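**Q** Model the following, please.
(2 chains)
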Amino acid sequence: MTIQEKQKQIIGEFAEFDDWMDKYDLLIELSKDLSPLEAKFKTDEFLIKACQSRVWLVPELIDGKLYFRADSDAIIVKGIIALLVDVLSGREPAEIAQNELFFIDQIGLSENLSPTRSNGLLAMVKQMKLYALAFQAQLEKQQSNGNE
Amino acid sequence: MGMIDIQQIRSDFPILNRKVHGKDLVYFDNAATTQKPQVVLDEIVRYYSEVNSNIHRGVHTLSQESTDLFEQARKEVQQFIHARSTSEIVFTAGATAGINAIANGFERSILQSGDEVLVSSLEHHANIVPWQMACEKTGAKLRVIPMNENGELLLDELDTLLTDRTRIVAITHASNSLGTINPIATFIEKAHAKGIPVLIDAAQSIQHIPIDVSKLNCDFLVFSGHKIYAPTGIGVLYGKQEWLEKLPPYQGGGDMIKSVSFEKTVYNPPPFKFEAGTMNYVGAHALATALQYLKQHGIEQLATYEQELLHYATAKLSAIEGLRIIGSADQKVSVLSFVMENIHQYDVGMVLDKLGIAVRTGTHCNEPVMRRLGIDGTVRASFSFYNTHEEIDRLAAGLERIKLMFG
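**A** Numbers count the residues shown, from 1 in each chain, chains lettered A, B, ... in the order given. Predicted coordinates:
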């Protein structure tokens, strides 16, 4: 499934609920599915500090694909992280870097990405893109070195 | 003393009619900013519609009327806090600007290397950072009055912390995160006994506690208009006459000078020397209008009702299993901070918002307080006289629901 398709699938799932509480219940469920981040990664190195909640993001490149592991101390934030990981993790860096994320807005959770919320999510989305760009550059360099 | 008519009062605040996520708004974020009564809103519109003109030095009618309203506002503030003279009332942009003005004045004319500035562990960042900046520039040291687990300052420590190098004590009247009312009269007395001036941050008390600066005998006092039912961008710095004369102005510009040449500028006497540039005269008038509104309803009567709300909410929320109230000082303004076992404050705040209830979550610009108490934030509900017992019931019901959701 492409990033686009994955996002549309999530929008479809959330469209079934008009009540906020149901949406939040779903986010709570999703947060439980997110595999917990090992304590050794919960360090300043991977911490995105914000004043409302904390977010940890760990990138890893395996066989040309970028995997994300992430966690937060706030459950709603963690639920949104689960969605982001679901959409972006395990793909080629170029794909992650190029695709626009629209699903958070469409399911009505964009307020969680507002800079004033200061929950670390906005910084995390940016950081995911930055990692993708960095790994993409690294891969391209390796390729051009290999071609020489 | 008659009972206050809450429904009548609520009808004075148009925003309280609004719905949030389809629910009647419950506004419990009053410690961050208060809502404005219609009379204040009307006066802002009337000012711009009928009077607007820049103050001071204008010879035309509108300018004179505008100047009169501005100086009447100063008089209103003077009477509200019982200053001796209007020349002790400086209009600022807010409490933060007032503290910066004094910290800057001390930095440039008083503080020297090795001197000390004493603040308390309950201070808002606004009463820490300006002093840190002044200390950095001068080599002075920032010292801190510690507090106990309840959020009360340790008065006993004061005697050792007030040294012969202490140049000023800057302390909050009421804590913005915990609500603690500090015994400022005692602080002022003890500091004065050693000849040390005291600045009071009244941002969280002016709207709840009648203040008499002459009786208190504080040297400086600051507050923000927007926390006392007036608009943002206007605030007050009270300073004793002799201090305002002594300290240098922190901003240069028009209106604060008596004469200017390229060789030398002579400053106006206080308060004008601290009012450079075009002042927020509409805001000053709106502030005066808000103060009149409070006077009409009786600030002590309103405060009594707010205390009743605080006690009701404290009892109601204490009954929720797993909820812990943070800050149990004996004397508190109507600010109630709490945490819920195993539920992050962000989650609590987000769900309450969807139930139409506005609270504040996080560290409340009070990181040292949070660190001292070993928590990373709280949920804070802060009450005004336009809040009701029913609204507190809705908060409690919302919290029970949150427990089920996240439990």
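**Q** helix or strand for B:Glu136, which one?
**A** Taking DSSP states H and E as the definition, B:Glu136 sits inside helix B:129-138.
**Q** who in chain B is up against chain A?
**A** B:21, B:343-347, B:349-351, B:354, B:361-363, B:376-377, B:401, B:405-406 (Cβ under 8 Å from any Cβ of the partner chain). All C-beta atoms are positioned from the backbone trio N, CA, C, and that covers glycine.
**Q** Tell me which entries of the residues you listed lie within helices.
**A** B:345-347, B:349-351, B:354, B:401, B:405-406 (DSSP state H).
**Q** which of these count as buried?
**A** With neighbours counted by 16 or more other Cβ atoms under 10 Å in any protein chain shown, those contain buried members at B:345-347, B:349-351, B:354, B:406.
**Q** quick one: which two of the residues you listed are the most distant?
**A** Greatest spacing in these, by Cβ to Cβ: B:Gln345 and B:Lys354 (15.2 Å).
**Q** Buried residues in the strand or helix carrying B:Ile392, which are they?
**A** Following DSSP H and E, one finds B:Ile392 within helix B:389-406. Neighbour-count burial for helix B:389-406, with 16+ other Cβ under 10 Å as criterion, is recorded at B:391-392, B:394-396, B:398-399, B:402-403, B:406.
**Q** Pick out the residue of the stretch 101-250 of chain B closest to chain A.
**A** For the stretch 101-250 of chain B, the residue positioned closest to chain A under Cβ to the nearest Cβ is B:His125, at a distance of 11.1 Å.
**Q** So what's the residue count around that residue?
**A** The number of residues packed near B:His125 is 16, by other Cβ atoms under 10 Å in any protein chain shown.
**Q** Then the one 4 residues further on?
**A** Residue crowding around B:Val129 was assessed by other Cβ under 10 Å; the count is 16.
**Q** my read is B:His56 is in a strand, agree?
**A** No. Under DSSP: H, G, I helix; E, B strand; the rest coil, B:His56 falls outside any strand and is assigned coil.
**Q** quick one, what contacts it?
**A** B:63, B:67, B:70, B:255 (Cβ atoms under 8 Å, 6 or more residues apart in numbering or on different chains).
**Q** what's the helix or strand hosting the first one in contact with?
**A** Put plainly, it is B:Ser63. Per DSSP H and E, B:Ser63 falls inside helix B:61-81. Applying Cβ under 8 Å, 6+ apart, the set of residues contacting helix B:61-81 from outside is B:47, B:51-58, B:83, B:85-86, B:88-89, B:91, B:206, B:211-213, B:221, B:236, B:238, B:271, B:279, B:281, B:284-285, B:287-288, B:291-292, B:295.
**Q** How about stretch B:295-303?
**A** Contacts for stretch B:295-303 (Cβ under 8 Å, 6+ apart): B:1-2, B:4, B:9, B:80, B:208-210, B:294, B:385.
**Q** out of these, which one sits closest to chain A?
**A** B:His208 (25.8 Å).
**Q** Return the residues in contact with the residue nearest to that closest one when sequence neighbours are not counted.
**A** Leaving aside its chain neighbours, B:His208 sits nearest to B:Val333 (4.5 Å; criterion: Cβ to Cβ, 6 or more residues apart in numbering or on different chains). Applying Cβ under 8 Å, 6+ apart to B:Val333 gives the contacts B:174, B:179, B:181, B:204-205, B:208-209, B:306, B:310.
**Q** Need the phi and psi values for B:Val333.
**A** Phi and psi for B:Val333, reported as degrees, to the nearest 10, are phi -80, psi 170.
**Q** separation between it and chain A?
**A** Noted for B:Val333: a distance of 23 Å to chain A, by Cβ to the nearest Cβ, to the nearest Å.
**Q** And the pLDDT at that residue?
**A** pLDDT recorded at B:Val333 is 98.
**Q** cool, the one 10 residues further on as well?
**A** Looking at B:Ile343, its pLDDT reads 95.
**Q** per-residue confidence for the closest residue to it other than its chain neighbours?
**A** In space, and not counting its chain neighbours, B:Ile343 is closest to B:Phe406: 4.7 Å by Cβ to Cβ, 6+ apart. With respect to pLDDT, B:Phe406 scores 93.
**Q** so which helix or strand takes in A:Ile80?
**A** With DSSP H and E as the criterion, A:Ile80 is inside helix A:75-88.
**Q** which other helices and strands contact that helix?
**A** helix A:3-15, helix A:20-33, strand A:65-72, helix A:103-106, helix A:121-147, helix B:345-354 (3 or more Cβ pairs under 8 Å, 6 or more residues apart in numbering or on different chains; DSSP states H and E).
**Q** give me that answer again for 7 Å
**A** Helices and strands touching helix A:75-88, as assessed by 3 or more Cβ pairs under 7 Å, 6 or more residues apart in numbering or on different chains; DSSP states H and E, comprise helix A:3-15, helix A:20-33, strand A:65-72, helix A:121-147, helix B:345-354.
**Q** just checking, B:Pro231 touches B:Ala286?
**A** Yes. The pair B:Pro231 / B:Ala286 is scored as a contact, 5.1 Å apart, by Cβ atoms under 7 Å.
**Q** Quickly list what's touching both of the two.
**A** B:Ile44 (Cβ atoms under 7 Å, 6 or more residues apart in numbering or on different chains).
**Q** Of these two, give the one with the bigger neighbour count.
**A** A direct count of neighbours by other Cβ under 10 Å for B:Pro231 and B:Ala286 places B:Ala286 higher, at 27 against 22.
**Q** how about that one, what does it touch?
**A** Applying Cβ under 7 Å, 6+ apart to B:Ala286 gives the contacts B:40, B:43-44, B:230-231.
**Q** how near is it to A:Gly146?
**A** Per Cβ to Cβ, to the nearest Å, B:Ala286 is found 70 Å from A:Gly146.
**Q** Taking the stretch 1-150 of chain B, what residue is nearest to chain A?
**A** Counting by Cβ to the nearest Cβ, the stretch 1-150 of chain B gets nearest chain A through B:His21, at 6.2 Å.
**Q** which residues sit in contact with the one residue sitting closest to the centre of chain A?
**A** Nearest to the geometric centre of chain A sits A:Leu84, at 3.2 Å (Cα atoms, centre = their mean). A:Leu84 is in contact with A:125, A:128, counting by Cβ under 7 Å, 6+ apart.
**Q** For B:Glu263, give me the pLDDT.
**A** 84.
**Q** Can you say which helix or strand has it in it?
**A** Using DSSP H and E, no helix or strand contains B:Glu263.
**Q** Now for it, how many residues are close by?
**A** Counted with other Cβ under 10 Å, residues neighbouring B:Glu263 total 5.
**Q** Appreciated, that's everything.
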